[in-house]
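In: Fold the stuff below for me.
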Amino acid sequence: MTDIREFDYFGNRISQIDRWRMQASIRVRRQIYDWFIAQIGSVSGKAILDHGSTPDTLRCDSNCFIRWCLEDGAKVYATSPEDITGLTQSFPNLAIVPYPPDPQFLPPIDYAISSAVIEHVGSEARQVEYVQNLLHLARGVLLTTPNRAHWLDFHTKLPLLHWLPRNRHRQILNVLGMKFWAKEENLRLLSHNDIAAIVWSAECEFQNGVTVDWYQPKFLGMVSNLVAFIQVK
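Out: Okay, here's the model as predicted:
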């Protein structure tokens, strides 16, 4: 089993800016969830795997897909490289599975949800591997990630700098003291074309390929999140 990691993405203190961000985030995520339901009809009675859950229980936008799926009658499983065993206190009907999940020891999973995780798994090769692993776990995958083309980086709260070449962007983050976000293993933001290329590379492992449906909600005047619903043919 992979070692449990603990990430402090936003710090312990919840500022007013964070509260504003959370309210905006949960509105966008609800739009994504409603679009997902429109694609599949319903989650009632289905097995859903939340892949990359956060142990955070303080922020209202944390694990909202778990909450909504449970409320709508799904059987929800959660897995993460972080220690999420405490989530069962907030979600008593949630089943925690070891990370990385092994399909041989999982019940049949209808859909996997990966919300704002892929930008944190590392290099492009690691991101391709991540998508491949998701597609081996479920017949359909809802994949979301912040849009690199948006003028604001929602992690650093800095505008425009992330449009620079990645190496230059990381150099500036290091100078600004944001060493955590300057490491590729912690943050590699993606554009629509990046996601499309990653999915194309991942689908080569599947004989009949995959289908992809896209959804792109807007916030602050631009597409804020890239959402791909991927299904193996």
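In: What segments of this protein are helices?
Out: Assigned by DSSP state H, the chain shows helices spanning 16-40, 64-71, 87-90, 124-137, 166-175, 192-203.
In: which stretches of the chain have low pLDDT?
Out: Judged by pLDDT under 70, the chain has its weakly predicted residues at 1-17.
In: Point me to the residue sitting farthest from the middle of it.
Out: In the chain, the residue that sits farthest from the middle, by C-alpha atoms, centre = their mean, is Val175; the gap is 27.7 Å.
In: wait, Leu187 sits on Val121?
Out: No: counting by C-beta atoms under 8 Å, Leu187 sits too far from Val121 to count as a contact (10.1 Å). C-betas here are computed from N, CA, C, even on glycine.
In: ok, these two, which is more surrounded?
Out: Under the criterion of other C-beta atoms under 10 Å, the comparison of Leu187 against Val121 puts Leu187 first, with 23 against 20.
In: export the helices of the chain to TSV and tack on distance to Pro217?
Out: Formatted as TSV, these follow (distance: least, C-beta to C-beta, whole Å):
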stretch	distance to Pro217
helix 16-40	5
helix 64-71	14
helix 87-90	26
helix 124-137	21
helix 166-175	24
helix 192-203	13
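In: Ok, which of the ones you listed comes nearest Asp102?
Out: helix 124-137 (9.2 Å; C-beta to C-beta).
In: Give me the contacts around the closest one.
Out: 49, 51, 100-101, 103, 106, 109, 112, 114, 117-118, 121, 141, 143, 188, 190, 194, 198-199, 201-203, 205-206, 210, 230, 232 (C-beta atoms under 8 Å, 6 or more residues apart in numbering).
In: How about stretch 58-78?
Out: With C-beta under 8 Å, 6+ apart, stretch 58-78 has contacts from 10, 14, 18, 22-23, 25-26, 29-30, 33, 37, 42-50, 53-54, 56-57, 84, 87, 90-91, 93-97, 101, 106, 109, 113, 115.
In: what do you get if the cut-off is 7 Å, keeping everything else the same?
Out: For stretch 58-78, contacts defined as C-beta atoms under 7 Å, 6 or more residues apart in numbering pick out 14, 22, 25-26, 29, 33, 43-50, 53-54, 56, 84, 87, 91, 93-97, 113, 115.
In: Equivalent analysis for stretch 176-188, please.
Out: Residues contacting stretch 176-188 (C-beta under 7 Å, 6+ apart): Glu119, His120, Gly122, Ser123, Gln127, His155, Thr156, Arg170, Leu173, Asn174.
In: give me that answer again for 6 Å
Out: Residues outside stretch 176-188 that contact it (C-beta atoms under 6 Å, 6 or more residues apart in numbering): Glu119, Gly122, His155, Thr156, Arg170, Leu173, Asn174.
In: Pull the contacting residues for the last one.
Out: Just to be clear, that refers to Asn174. Neighbours of Asn174 in contact, by C-beta under 6 Å, 6+ apart: Ala182.
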